[in-house]
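[1] My questions concern the predicted model and sequence given below.
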Number of protein chains: 2
Amino acid sequence: MAVPIKMPRAARKELVTLGENIRVARLRRKLTAEIVAQRAGTTRQTIAKIESGNPAVKIGTYVAVLQALGLLKGWGDLDDPVGEQMALDDLPQRARLRNG
Amino acid sequence: MAVPIKMPRAARKELVTLGENIRVARLRRKLTAEIVAQRAGTTRQTIAKIESGNPAVKIGTYVAVLQALGLLKGWGDLDDPVGEQMALDDLPQRARLRNG
DNA sequence: CATTAATGTTTTCTCAATGTAACATATATA
DNA sequence: TATATATGTTACATTGAGAAAACATTAATG
């Protein structure tokens, strides 16, 4: 197996959690990795990578798997307690760093 | 630019939503794509792909970007109203399709 | 406990995603 | 309205992800 990509601990942990959740959801539905792979248009090896939290998997594959499990809806919604304080109206189209 | 991967409408839509949310979060924080890219260990071109919902980006990059924006925590938690009904205790390690 | 299917694991090959660079365009400020 | 800068966009080379296949291992049933 390829060496997992180097990344911060917290990020890795979050990916592992997501993978575990996906595996639990699959088993609860009594679906084999093979079946989910077919529905998602991928292979069971890639399903295994996802369930183990391998960061080197395309997000498109993740989304396809979530859809195959009926877990897709609302997944793209982010919880942003910090940004929520700010108005969306006057949001600039670009960020400007200095004074220039 | 490379042709976007073929995928179901709903899945594509969810990715676009995620990308938009990431962009909004970035702008609210007044961060340039360049800055976020540096923090996430990638390039601004890839940030652009993420914000446009391109499915062919590694999930590890997504996670790194979410972390750079302070949006990572709890992201791996899935909402599974269907599976929640089922006990975790007697969850099999494998799914079995037929009779056996 | 025997059987058989599901999963783990490795290897090879192909193709596309990413990084790098360069240029065009648009927009946030003074 | 200038102007510096953020972003859009494209091209190219490299590298690694993913598909496919084969074999080993393990767990779920009867």
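    Received it, and whenever you're ready, just let me know what you need.
[2] Give me the nearest residue to residue A:13, chain neighbours excluded.
    residue B:76 (7.9 Å; Cβ to Cβ, 6 or more residues apart in numbering or on different chains). Yep, even glycine has a C-beta here, placed from its N, CA and C like the rest.
[3] sec struct for that neighbour, please.
    coil (DSSP: H, G, I helix; E, B strand; the rest coil).
[4] Around it, count how many other residues there are.
    Taking other Cβ atoms under 10 Å in any protein chain shown as the criterion, the count of residues near residue B:76 is 19.
[5] and what of the one 5 residues further on?
    Residue B:81: 9 surrounding residues under other Cβ under 10 Å.
[6] follow-up on the earlier one: how about the residue nearest to residue A:13, what does it touch?
    A:13, A:14, A:15, A:16, A:17, A:18, A:19, A:21 (Cβ atoms under 8 Å, 6 or more residues apart in numbering or on different chains).
[7] And for residue A:16?
    Taking Cβ under 8 Å, 6+ apart, we find residue A:16 in contact with A:52, A:53, B:76.
[8] how much space between it and residue B:68?
    Relative to residue B:68, residue A:16 is positioned 19 Å away (Cβ to Cβ, to the nearest Å).
[9] and residue A:92, what are its phi and psi?
    Backbone torsions of residue A:92, given as degrees, to the nearest 10, read phi -70, psi 160.
[10] how about the residues of chain A near DNA strand C?
    Neighbours of DNA strand C within chain A, by Cβ under 7 Å from any atom of the strand: A:1, A:26-27, A:32-34, A:44-45, A:48, A:51, A:58, A:92-94, A:96, A:99-100.
[11] mind running it again at 10 Å?
    Within chain A, the positions adjacent to DNA strand C are A:1-2, A:23, A:26-27, A:30-37, A:43-49, A:51-52, A:56, A:58-60, A:90-100 by Cβ under 10 Å from any atom of the strand.
[12] Going by neighbour count, which residues of the helix ranked longest in chain A are buried?
    Longest helix in chain A, counting residues (DSSP state H): helix A:9-28. Across helix A:9-28, burial judged by 16 or more other Cβ atoms under 10 Å in any protein chain shown covers A:11-12, A:14-19, A:21-28.
[13] Pick out the most distant pair among the contacts of residue B:76.
    A:13 and A:21 (12.7 Å; Cβ to Cβ).
[14] any weak-confidence spans in chain A?
    For chain A, applying pLDDT under 70 flags the ranges A:1-6, A:85, A:88-89, A:98-100.
[15] Helices of that one, start to end?
    A:9-28, A:33-40, A:44-52, A:59-68.
[16] quick one, the first one and helix A:33-40 angle?
    Right, helix A:9-28. Interaxial angle, helix A:9-28 versus helix A:33-40 (axes from the mean of the first three to the mean of the last three Cα atoms, to 10 degrees): 100 degrees.
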